[in-house]
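Asks: sequence first, predicted model second:
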Amino acid sequence: MSKKILFLFIIILICNISIGCDKYDVIDENSNNFPPINPLPDDKLELILYYPNSSMEYLVPEFRAVPKKSEDVEIIVINELLKGTKGRNLVNIIPPNAKAQTLYVTDKIAYVSFSRDLIYNNYTEKEEALIIYSIVNTLTSLPNIEEVQILIDGKAEDVLCKHYSIKEPLNFSHMIVTKDYISPISIVNEYYSSIIEEDYDKAMSMLDFEDVEKIRYNTLKAYIVDAFKGTNKYVIKNYIINKYEDELNINLFVIFTYEKNNTKYSNKTINLKYDGNNFLIKALGN
């Protein structure tokens, strides 16, 4: 066989081999050359656990594969959450001594009881929110759970520590996952401070007018000026936030001081609504 014929034979062989090989530089999942993706083994579960980011501003989902056990999946999930994060940019917020005592699900509500270690620390408002929704968001990530009732030693408490209610079941919070935490009480403080400083235009800019379309701007402003006439000081003695979602309300006990040091004690409910940038105060009922 001449060298020329041998050379042509090798070229043809290489071309045939190339045509027969699968190529993955352009992947089309509908084609036969789409590379197989190994599914999670049958003896594994993939869980979604929520922990605070390193700056403690919001929650981040952590995906974790664990062995299947004879326990209910919600028990596995809460125990994995309490083990703490494995992520380098995440931090633990739930006290290491806190234990899940019981957990049962009925009518898509998970009732989970923790030892009193969960509430021993003097948490800030933000830390309370992160703890609560680390638990709530993790459990409501399961398809059979829509709400979570947090219990302490088997009993419902009014608040976790001071400022966040755990009296009723709570839903998944998208607000605390997708954006930095915004303190609801800071909005109320800024609103009242603007009024005390007689910066009424700023106070008005913090209001949501959706429910007061028929009330003219100047009419509402005149009402606020008259309602707070003579007020020179306010002190919020206590407040409870009922949830952390795009619409929420705060129950607060506030003391207003007027001229000649006259005081007025007031229990108020302030409704807030997220506008895509910040919370606004509902213009009625303030």
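Replies: Received the coordinates, thanks.

Asks: not counting sequence-adjacent ones, nearest residue to Asn271?
Replies: Excluding its sequence neighbours, the residue lying closest to Asn271 (C-beta to C-beta, 6 or more residues apart in numbering) is Lys282, at 4.0 Å. The way it works is simple: take the backbone N, C-alpha and C, and place the C-beta from them, glycine included.

Asks: wait, the one you found sits on Met206?
Replies: No - using C-beta atoms under 8 Å, Lys282 is not in contact with Met206; the gap is 10.7 Å.

Asks: could you pull out the helices for the stretch 101-250 of the chain?
Replies: 125-140, 175-178, 184-196, 200-205, 217-227 (DSSP state H, counting those that start in this stretch).

Asks: most packed of those?
Replies: helix 125-140 (a mean of 24; mean count of other C-beta atoms under 10 Å).

Asks: what stretches of this protein score poorly on pLDDT?
Replies: Across the chain, the ranges flagged by pLDDT under 70 are 1-41, 211-215, 284-286.

Asks: so which residues of it form strands?
Replies: Secondary structure of the chain (DSSP state E): strands at 44-52, 59-67, 100-106, 109-114, 147-152, 207-208, 231-241, 247-258, 263-274, 279-282.

Asks: need phi/psi at Phe228.
Replies: According to degrees, to the nearest 10, the main-chain angles of Phe228 amount to phi -110, psi 20.

Asks: now it: closest residue in space that isn't a chain neighbour?
Replies: Nearest one to Phe228, counting by C-beta to C-beta, 6+ apart, is Ile195 at 5.0 Å.

Asks: over to Val112?
Replies: Leu103 (4.5 Å).

Asks: and that neighbour, how many neighbours?
Replies: By the criterion of other C-beta atoms under 10 Å, Leu103 has 20 neighbours.

Asks: measure it to Leu170 for me?
Replies: Distance, Leu103 to Leu170, using C-beta to C-beta, to the nearest Å: 15 Å.

Asks: cool, Leu248 as well?
Replies: 11 Å.

Asks: now do the contacts for the residue most central in space within the chain.
Replies: The C-alpha lying nearest the average C-alpha coordinate of the chain belongs to Ile176 (C-alpha atoms, centre = their mean; 2.7 Å). Listed by C-beta atoms under 8 Å, 6 or more residues apart in numbering, the contact set of Ile176 reads Tyr58, Leu59, Ala129, Leu130, Tyr133, Asn137, Tyr244.
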